[in-house]
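A.B. asks: Using only what follows, build the 3D model:
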Amino acid sequence: MFGKRIVLVCALASIILLGVRCDDSDDSQNNAVTGNWRVMSVILSGQSIGFQTPDAEVISIVFESSGDYSGTTTANTFGGNYELTGSTLTLTSFTTTEVADTPFAGAFYNAISEAIVPNTTYAEFDFSVAADTLMLGFADSGTMRLQRP
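C.D. replies: Residues are numbered from 1 along each chain as shown. Predicted structure coming up:
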């Protein structure tokens, strides 16, 4: 009788531990975007020709597993919080310094503005990750292509 209870308790503990481990359903998504990225191109909605990063210019973004992100352009820094839901990346907050920047950085900031959901303060992007490329879609036809450095 006592042996059966121990087996039952061990079985229940294993099920509970497996349940806790399997509850991290967003880990694979988080791992897909977590880390360092460089913005390579921006196409704003309604434009057929986009902006390519000049060789010497780097716009970088780091997505932390904690849900924070930060980045830099040639002249500014930015950051905030993000969430992943399905294939949507939402910037729930966005702060930046406000120094005049390059045309490419201007296109980047315009893309963030276009992605803001009407009557809200957050920006939403459809995202996909393939190899070392992160594609962000926004508004009607805007896209940003990021690559791992």
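
A.B. asks: Dihedrals phi and psi, residue 64?
C.D. replies: Backbone geometry at residue 64, expressed as degrees, to the nearest 10, gives phi -90, psi 150.

A.B. asks: does it really touch residue 34, like I thought?
C.D. replies: Yes: contact criterion Cβ atoms under 8 Å: residue 64 and residue 34 qualify, at 6.8 Å. Quick note: C-beta positions are derived from backbone N, CA and C, even for glycine.

A.B. asks: Stretch 102-111: which residues count as buried?
C.D. replies: 102, 104, 105, 107, 108, 109, 111 (16 or more other Cβ atoms under 10 Å).

A.B. asks: Need those residues in TSV (columns: pLDDT).
C.D. replies: Formatted as TSV, these follow (pLDDT from 0 to 100):
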residue	pLDDT
102	94
104	95
105	96
107	95
108	96
109	95
111	96
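
A.B. asks: between the residues you listed, which is closest to residue 52?
C.D. replies: residue 104 (7.9 Å; Cβ to Cβ).

A.B. asks: just to revisit the earlier point, pull the most distant pair out of the buried residues of stretch 102-111.
C.D. replies: 102 and 111 (14.2 Å).

A.B. asks: Ranking helices and strands of this protein by mean pLDDT, which lands last?
C.D. replies: helix 2-22 (a mean of 34; mean pLDDT, DSSP states H and E).

A.B. asks: All the helices of the protein, in order from the start?
C.D. replies: Per DSSP state H, the chain carries helices over the ranges 2-22, 27-33, 103-114.

A.B. asks: Could you pull up the residues touching the closest residue to residue 50 other than its chain neighbours?
C.D. replies: What sits nearest to residue 50 in space, not counting adjacent residues and going by Cβ to Cβ, 6 or more residues apart in numbering, is residue 43, at 3.3 Å. Residue 43 is in contact with 49, 50, 51, 141, 142, 143, 144, counting by Cβ atoms under 8 Å, 6 or more residues apart in numbering.

A.B. asks: Identify the bridge partners of residue 43.
C.D. replies: Counting by DSSP bridges, residue 43 is bridged to residue 143.

A.B. asks: Against residue 143, how distant is it?
C.D. replies: Distance, residue 43 to residue 143, by Cβ to Cβ, to the nearest Å: 5 Å.

A.B. asks: what's the overlap in contacts for these two?
C.D. replies: Residues touching both residue 43 and residue 143 (Cβ under 8 Å, 6+ apart) are residue 50.
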